[in-house]
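*Asks:* just to be clear, the model below is a prediction. Sequence and coordinates:
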Amino acid sequence: MATAQRKIPLRKCTGCGELKNKKELIRILLEADGQISVDPTGKKNGRGAYICNKLSCLEKSIKTKGLERSLKTSIPDELINKLRNEYEWIAE
């Protein structure tokens, strides 16, 4: 009897729009209290948006407002700068 293969969860990058394995992407999290942060584990509670680990995808997502649409909230400029700093640290 053949064993069933596990299904690999795919997520779409909000920057480039490519479907990729969930573990290859970085999750941006909107928590219940309105805080936006990077979720390196991908398991925290809250609304998430996924972006490739390239800074260009983050920039494209911010420019086209794909990140705001995915999180269903507006993102202030100071938070975008904080997100860029966190993202550069994780992407390296």
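*Replies:* Received, thanks. Keep in mind it's a predicted model, so treat the numbers as computed, not measured.
*Asks:* how many neighbours does residue 80 have?
*Replies:* If you count neighbours by other C-beta atoms under 10 Å, residue 80 ends up with 14. To be clear about C-beta, it is placed using only N, CA and C from the backbone, and glycine gets the same treatment.
*Asks:* which residues of the protein fall in helices?
*Replies:* 55-63, 66-71, 77-91 (DSSP state H).
*Asks:* residue contacts, the closest residue to residue 47 other than its chain neighbours?
*Replies:* Distances taken as C-beta to C-beta, 6 or more residues apart in numbering place residue 30 nearest to residue 47, at 4.4 Å, with adjacent residues excluded. By C-beta atoms under 8 Å, 6 or more residues apart in numbering, residue 30 lies in contact with 36, 46-49, 71-73.
*Asks:* filter those to the buried ones?
*Replies:* Buried by 16 or more other C-beta atoms under 10 Å: 36, 46, 48-49, 71, out of the contacts of residue 30.
*Asks:* just the closest of those to residue 17, please.
*Replies:* Nearest to residue 17 among the buried ones among the contacts of residue 30 is residue 49, at 12.6 Å by C-beta to C-beta.
*Asks:* the closest residue to that closest one other than its chain neighbours and residue 85, how far apart?
*Replies:* The shortest distance from residue 49 to any non-neighbouring residue, by C-beta to C-beta, 6+ apart, is to residue 70 (3.6 Å). Per C-beta to C-beta, to the nearest Å, residue 70 is found 20 Å from residue 85.
*Asks:* and residue 52, by the same measure?
*Replies:* Going from residue 52 to residue 85 by C-beta to C-beta gives 18 Å.
*Asks:* need the phi and psi values for residue 17.
*Replies:* Backbone torsions of residue 17, given as degrees, to the nearest 10, read phi 80, psi 10.
*Asks:* which one of residue 52 and residue 85 has more residues nearby?
*Replies:* Shown here are residue 52 and residue 85; by other C-beta under 10 Å, residue 52 has more neighbours (20 against 10).
*Asks:* how many other residues sit next to residue 63?
*Replies:* Neighbourhood size, residue 63 [other C-beta under 10 Å]: 10.
*Asks:* what's the pLDDT at residue 88?
*Replies:* Looking at residue 88, its pLDDT reads 72.
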